[in-house]
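Asker: fold the following and give me the result.
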Amino acid sequence: MLPLLAVILLSLIPALVLAWQRVGFEQAQKTAALVMDYPALAVQAQRVGLTPQALLDRYKALGVNGVAVYEDVIGNLVQRGDLYERRGSDLAAENPGENVNPQWTYLRALTPRGVEALRTLPGRYTIPTREVTIAGQRWVGWPTDPDFLPAGPNMPLIKSLKAQGLVLVYRPYDDEAVREPGADWPDVPFVAFTGDEVIGARTPERLAKINARLGSRLPAIIESSDQRGLNTLVETHGGARMFALNLSWQNRIGPEAAASKYALAARERSQRLLYLRPFPTVYETEAFLKRTSALLQHSGVKIGQPVITLFQPNDTLRALCLFGPLAALLLLGLSFPLPRLGLTVAGLAALAALGLNGLRPFESGALIAAITFPALGLVLRRSKVTDWFLATGLSLIGVLFVSGLGANRDSVLGLEPFRGVGLTLLAPLLFVGLSFLPRQDIRKTARDIYNTPLRLGDIAVMALGLGVFALVFLRRGNSTGLGVSDTEAQLRQNLQDSIIRPRFKEVAGHPLALLGLSGVLPGYFSLLLLLGGVVGQASILNTFSHFHTPLLISAARVFIGLGVGLVLGLIALPVVQFLLRFWNTHGARRVPVDAAEVQA
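Answerer: Here you go, the predicted model:
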């Protein structure tokens, strides 16, 4: 046992170095841009009788320092009056006998910019066009509706916005008819693709062109949007995490709740581009911007031009870290009352970790640490309340291994999720549960369990325990299949706006562990409480498996949970003892002394 503990402690040295490097990297990345959707802003400006620039100036005064500009389509040139569009059927009716195809669409230039557009646009696409003269006017005929064909950037607008010092995000469209996609992209720092895939994702040759033409621009990694082909671009260029709310959802929850979500995204999810859309009214939008700016300032996130670098951990240090989780897993197996069973379970756990992570050693080691250290302390010692500190200390040691082995460029960017999250809750419970098996032939233990008589109360308690665990398991992670009540949602928002919100599994699990270790409850109740405490320990490691969350944020969340849980547990111990005494003694009839003497 001592040699294995020594290996764990020695492996902590490179893990601490990696943690220090990660904290330094994350502290330098605390700048975010408030990027307003320019087309949505322009629509709102028209409705309130302002120019887009006038409304943008109002929002800039409240913190907006960036805009997202979409690529022009031919329909935009028509709307701005550079081109004039007629359906072939209308043009043929007005000019009988002319060479007009009624099934085509025709464009004519109205401004010098329109003349230039009609000179260059036909060669931009694979679509065959035809130039005709009708009633003395030059038209270009299109066999398809050209309104939604990508037409390149609106350079006058982009130059005007760049001159104001705004952070620009360019949003190009994809269309297979475009011959050379990306050839005329403007010089902007960020590109955010539209739809479910990046331009060229379906054709390797086109994707290679896009990859080359990105140049120094960074692709945006849109939260909760798995865009096909994006990984290829990020592999070459890196990326900037971008957060946006669905507009209908944003309008439903209102300015205050929306501001809270944007601030949370910047503070706890390392989102560098906060993509904003106006609310239905200017009043709501201004309230939203004021609240967002205040929350970002409170969180220590600066509004400015994000300067993004990639996290590159040292693989030699990660390799040295790997010995710690392996030693801990071996120590766990040897600490079982039945060592052969323990080693078998440990071996299966290692194989499962390797399988879930595609045989990649570092990621597999992170999962081994996440499932081993929450159980190790409670397997080694669980005879008194103070053993909770040993269990917690070992869990915190495991945190360093999870971070050192699991944090890499892709996982910090949120592109590579932690594999085996469900196992981080199930495996520690299994490990601790199996450690209660008596030191005897396992076949006899199985017969004893099978022959154990069950009472209705036992069945009810087990059903309740399974129900609670199912609820905890289904609500793991940031996105679950179970919703929250309005009261819980409001409580969460208030907590995350004022402090870093602890996880409920930890706040509830730590008091349960203290009660279970105290042995104040009879029978198997202490065992059930101890298993509840295992969930609290597992949640510590699970918290740090969200690698896109800054390490210090996760640490603050865990230590707040530990502090609250410890206080609640220390309060719960005497309360439970008092309630048990009250339950056992209340209403008991006292026999008078002289009456007892008479009976004697």
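Asker: wait, residue 250 touches residue 279, no?
Answerer: Yes. Taking contacts as CB atoms under 8 Å, residue 250 lies within contact range of residue 279: 7.2 Å. From N, CA and C alone the C-beta is placed, and that goes for glycine too.
Asker: what are the boundaries of the strands in this protein?
Answerer: Taking DSSP state E as the test, the strands found in the chain are 31-37, 66-70, 72-73, 83-87, 105-109, 130-134, 137-142, 150-152, 167-171, 190-191, 218-222, 240-244, 273-276, 302-303.
Asker: low-confidence stretches in the stretch 1-150 of the chain?
Answerer: For the stretch 1-150 of the chain, applying pLDDT under 70 flags no range at all.
Asker: then the chain?
Answerer: For the chain, the ranges with pLDDT under 70 are 441, 445-501, 524, 587-600.
Asker: and the longest helix seen in the chain, what does it pack against?
Answerer: Assignment by DSSP state H gives helix 551-585 as the longest helix of the chain. Where contact means 3 or more CB pairs under 8 Å, 6 or more residues apart in numbering; DSSP states H and E, helix 551-585 is packed against helix 2-27, helix 387-406, helix 504-518, helix 525-543.
Asker: what residues of the longest one count as buried?
Answerer: It refers to helix 2-27. Using 16 or more other CB atoms under 10 Å as the test for burial, helix 2-27 gives 4, 7-8, 11-12, 14-15, 17-19, 21-22, 25-26.
Asker: just the second one next, same as before
Answerer: Within helix 387-406, the residues that count as buried by 16+ other CB under 10 Å are 387-388, 391-392, 394-406.
Asker: just the shortest one next, same as before
Answerer: Of all the residues in helix 504-518, those buried under the rule 16+ other CB under 10 Å are 505-518.
Asker: what does that helix contact?
Answerer: Applying CB atoms under 8 Å, 6 or more residues apart in numbering, the external contacts of helix 504-518 come out as 378, 382-385, 387-388, 391-392, 472, 521, 526-540, 542-543, 558, 561-562, 564-566, 568-570, 572-573, 576.
Asker: just the buried residues from those, in PyMOL please.
Answerer: Buried residues within the contacts of helix 504-518, by 16+ other CB under 10 Å, are selected in PyMOL with:
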select buried, resi 378+382+385+387+388+391+392+472+521+526+528+529+530+531+532+533+534+535+536+537+538+539+540+542+543+558+561+562+564+565+566+568+569+572+573+576
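Asker: wait, doesn't residue 233 sit right on residue 239?
Answerer: Yes. The criterion here is CB under 8 Å, and residue 233 meets it with residue 239 at 7.4 Å.
Asker: mutual contacts of those two, please.
Answerer: With CB under 8 Å, 6+ apart as the test, residue 233 and residue 239 both reach residue 219.
Asker: out of the buried residues of helix 2-27, flag the one nearest to residue 344.
Answerer: residue 4 (17.8 Å; CB to CB).
Asker: mind checking how far the closest one is from residue 36?
Answerer: 56 Å (CB to CB, to the nearest Å).
Asker: same check on residue 120?
Answerer: 30 Å.
Asker: from residue 59, how far out is the residue nearest to residue 160 when sequence neighbours are not counted?
Answerer: Computed as CB to CB, 6 or more residues apart in numbering, the closest residue to residue 160 that is not its neighbour in sequence is residue 53, at 8.0 Å. Separation of residue 53 from residue 59 (CB to CB): 11 Å.
Asker: what about those two, which has more around it?
Answerer: residue 59 (22 against 14; other CB atoms under 10 Å).
Asker: can you tell me which residues contact the more buried one?
Answerer: Neighbouring residues of residue 59 by CB under 8 Å, 6+ apart: 36, 41, 285-286, 289.
Asker: possible to save those as JSON lines with distance to residue 246 and neighbour count?
Answerer: Converted to JSON lines, these look like this (distance: CB to CB, whole Å; neighbours: other CB atoms under 10 Å):
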{"residue": "36", "distance to residue 246": "16", "neighbour count": "25"}
{"residue": "41", "distance to residue 246": "18", "neighbour count": "23"}
{"residue": "285", "distance to residue 246": "16", "neighbour count": "23"}
{"residue": "286", "distance to residue 246": "21", "neighbour count": "17"}
{"residue": "289", "distance to residue 246": "19", "neighbour count": "25"}
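Asker: closest one to residue 97 out of those residues, please.
Answerer: For the contacts of residue 59, the nearest to residue 97 is residue 41 (47.6 Å; CB to CB).
Asker: my guess is that closest one contacts residue 53. True?
Answerer: No. Using CB under 8 Å, residue 41 makes no contact with residue 53, being 9.8 Å away.
Asker: so residue 286 sits right up against residue 61, yeah?
Answerer: No. Taking contacts as CB under 8 Å, residue 286 lies outside contact range of residue 61: 9.3 Å.
Asker: for residue 232, see how far away the nearest residue to residue 406 once chain neighbours are set aside is.
Answerer: In space, and not counting its chain neighbours, residue 406 is closest to residue 366: 3.4 Å by CB to CB, 6+ apart. Going from residue 366 to residue 232 by CB to CB gives 25 Å.
Asker: same check, this time on residue 54
Answerer: 41 Å.
Asker: so which of these two has more stuff around it?
Answerer: residue 232 (18 against 11).
Asker: list the contacts for that one?
Answerer: Residue 232 sits next to 207, 211 when contact means CB under 8 Å, 6+ apart.
Asker: distance-wise, check it relative to residue 286.
Answerer: Residue 232 is 40 Å from residue 286, by CB to CB.
Asker: swap in residue 575?
Answerer: Relative to residue 286, and taking CB to CB, residue 575 is found at 49 Å.
Asker: check residue 65 too.
Answerer: Going from residue 65 to residue 286 by CB to CB gives 16 Å.
Asker: same question for residue 400.
Answerer: For residue 400, the distance to residue 286 - CB to CB - is 45 Å.
Asker: residues near residue 49, how many?
Answerer: 8.
Asker: brain fart, residue 52
Answerer: Residue 52 has 17 nearby residues by other CB under 10 Å.
Asker: my guess is it meets residue 41, correct?
Answerer: Yes. Counting by CB under 8 Å, residue 52 does reach residue 41; the two are 6.0 Å apart.
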